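A.B. asks: how would this look folded up:
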Amino acid sequence: MNRVFVLLSAFLLPLPVSFSQQDDPAQDPYAGEILERSAAKISKSGSIEADFELVIEDRKEDLKHATTGNILIRQDRYKLNSSGNTVIFDGKTMWTYTSEFNEVIITEPDPSDDDFLANPASIFTWYDRDFKYRYLGETRIQGVHYHEIDLFPKNLNQPYSRIKLFINRDTLIPEIITSIGKDGVDYTVNLTNILTGKDVPDDTFVFDPEQYRKIEVVDMRGAK
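C.D. replies: Next comes the predicted model:
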């Protein structure tokens, strides 16, 4: 489930971006332009808060499951709540709290990890390095016009074959994000009620175990 949380936040973290498609003729220049404009818009917004629906679809078993939640992002920090789970990341430390077990796991994601699902803080600097991208055109979903873009990992050992982005044509924010799994399991995130520019204090992105009675703290920092 944590991988899904990171997928959701990965495409919304407002970080600097540079697309060098001129150096790689295999890249789709128009897709690169849209991605760059999207990243710049998100970076300028300062913060983003949104409700989301996560849909997990198993194509082999013909099964589908959906859950909902809320995510708040400011710069390289985020807080996500969904189905009794809370994930907080302050740019260095990640707390994953599960209410069912009253347990929080503390980790420090490796900033050099080359899998964007494990390190969302660098997603907008990795598009050109780790993905080929292709513009599929404009599409309309429930009355909203989107730019549809496919991202293909250059590292063929990734567990997904491609990432599909549907970027709102007017707001330039990715509102639909789908990871197509090689194992036949796809993850789709649909964002709604998007609010940008909210003033968010620093302590929003710090987990305080003192607020939870008899909580179990599992500190994995430094563990290999």
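A.B. asks: pretty sure Tyr78 contacts Val200?
C.D. replies: No. Counting by CB atoms under 8 Å, Val200 is not a contact partner of Tyr78; they are 10.2 Å apart. The C-beta positions use only the backbone N, C-alpha and C, and glycine is treated the same way.
A.B. asks: intersection of neighbour lists for the two?
C.D. replies: Among the neighbours of Tyr78, those also in contact with Val200 (CB atoms under 8 Å, 6 or more residues apart in numbering) are Leu72.
A.B. asks: This structure: helices as residue ranges?
C.D. replies: Chain-ordered helices for the chain, with DSSP state H as the definition, fall at 2-10, 29-45, 123-130.
A.B. asks: returning to what we had before: more neighbours: Tyr78 and Val200, which one.
C.D. replies: The residue with more neighbours, out of Tyr78 and Val200 and counting by other CB atoms under 10 Å, is Tyr78; that gives 28 against 18.
A.B. asks: quick one: low-confidence ranges for the chain?
C.D. replies: Residues of the chain that meet the criterion pLDDT under 70 lie in 1-26, 111-129, 224.
A.B. asks: Grab the nearest non-local neighbour of His65.
C.D. replies: Nearest residue to His65, sequence neighbours excluded (CB to CB, 6 or more residues apart in numbering): Ile56, at 4.9 Å.
A.B. asks: so who does Ser47 touch?
C.D. replies: Pro14, Leu72, Ile73, Arg74, Gln75, Thr196, Gly197, Lys198, Asp199, Val200.
A.B. asks: Now which of those residues would you call buried?
C.D. replies: Members of the contacts of Ser47 that pass the buried threshold by neighbour count (16 or more other CB atoms under 10 Å) are listed as Pro14, Leu72, Ile73, Arg74, Thr196, Val200.
A.B. asks: quick one: the third one and Ile48 touch, right?
C.D. replies: Looking back up the chat, that one is Ile73. Yes. Ile73 sits in contact with Ile48 when judged by CB under 8 Å, with a separation of 4.8 Å.
A.B. asks: Counting neighbours, what do you get for Lys164?
C.D. replies: The number of residues near Lys164, taken as other CB under 10 Å, comes to 17.
A.B. asks: So what sits opposite it in the bridge?
C.D. replies: When bridges are taken as DSSP bridges, the partners of Lys164 come out as Asp150, Thr178.
A.B. asks: before we move on, back to that, could you check how far the residue nearest to His65 is from Gly222?
C.D. replies: Distance, Ile56 to Gly222, by CB to CB, to the nearest Å: 32 Å.
A.B. asks: When these two are compared, which one has more neighbours?
C.D. replies: Neighbours were tallied for Ile56 and for Gly222 using other CB under 10 Å; the higher tally belongs to Ile56 (16 against 7).
A.B. asks: Report the beta-bridge partner residues of the more buried one.
C.D. replies: Here Ile56 sits in beta bridges with His65, Tyr187, as judged by DSSP bridges.
A.B. asks: thought it was touching Asp183?
C.D. replies: No. Using CB under 8 Å, Ile56 is not in contact with Asp183; the gap is 11.8 Å.
A.B. asks: How are the strands of this structure distributed by residue range?
C.D. replies: Chain-ordered strands for the chain, with DSSP state E as the definition, fall at 47-58, 63-74, 77-82, 85-89, 94-98, 103-107, 131-141, 144-153, 160-168, 174-181, 185-196, 216-219.
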